[in-house]
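*Asks:* with the input below, show me the fold.
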Amino acid sequence: MNFKELFKNKGIGYWICTGAAVLSLVMAIIVFATSGTALPRLHTDGYVIGIVLLLPVIVQAVVTFFPVRFAALPAVLLYTVALGTVILRIPEAVADYFNNVHYQGGDFGTCMVYFVGVLVLVIASVAACFFDQNKDGKYLI
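*Replies:* Now for the predicted structure:
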């Protein structure tokens, strides 16, 4: 199969999911690089966020070669899990920032980058659900 033919048939939903997967890869790299100092001391397991952000990249690579009608749904699920994981890891940094105490450690700005970045991924993947993955409408499932 020719790569030109493979990508010529992709719809808007596919390209939104691909853009989200690229942003997810960038976010995962940022999380792996900064989670040691960005997250509060209570939550030193930032690699969990990074791993969950890498899974949609793998899913998107698979649906590139095996088109599925609702390919954005696994991405919505995985990005929502990543958002929940971020929300569970950052409340101490947020509380320290607003109370001006800085007891738990962590960096409020970086935690907000995590939160907003993953929230954008969730919104993009939900939006991709409303668009076709292929232009011709031929899917495996």
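*Asks:* need the three-state assignment for the spatially closest residue to Thr80 that is not a sequence neighbour.
*Replies:* Spatial nearest neighbour of Thr80, excluding adjacent residues (Cβ to Cβ, 6 or more residues apart in numbering): Val122 at 5.8 Å. C-beta here means a position set from N, CA and C on the backbone, and glycine is covered the same way. Secondary structure of Val122, reduced to three states by DSSP: H, G, I helix; E, B strand; the rest coil: helix.
*Asks:* next: the one 3 residues further on.
*Replies:* Of the three states, Ser125 takes helix according to three-state DSSP.
*Asks:* that one contacts Ala72, doesn't it?
*Replies:* Yes - taking contacts as Cβ atoms under 8 Å, Ser125 lies within contact range of Ala72: 5.4 Å.
*Asks:* now list whatever residues contact both of those two.
*Replies:* Among the neighbours of Ser125, those also in contact with Ala72 (Cβ atoms under 8 Å, 6 or more residues apart in numbering) are 16-17.
*Asks:* which residues sit against stretch 34-47?
*Replies:* Stretch 34-47 is touched from outside by 31-32, 49-50, 88-90, 92-93, 96, 104-107, 110-111, 114, with contacts defined as Cβ under 8 Å, 6+ apart.
*Asks:* and with 6 Å instead?
*Replies:* Residues outside stretch 34-47 that contact it (Cβ atoms under 6 Å, 6 or more residues apart in numbering) are 31, 89, 92-93, 104-107, 110-111.
*Asks:* circling back to that earlier point, number of residues surrounding the residue nearest to Thr80?
*Replies:* If you count neighbours by other Cβ atoms under 10 Å, Val122 ends up with 18.
*Asks:* who touches it in this structure?
*Replies:* Contacts of Val122 were listed using Cβ under 6 Å, 6+ apart, and they are 79-80, 83.
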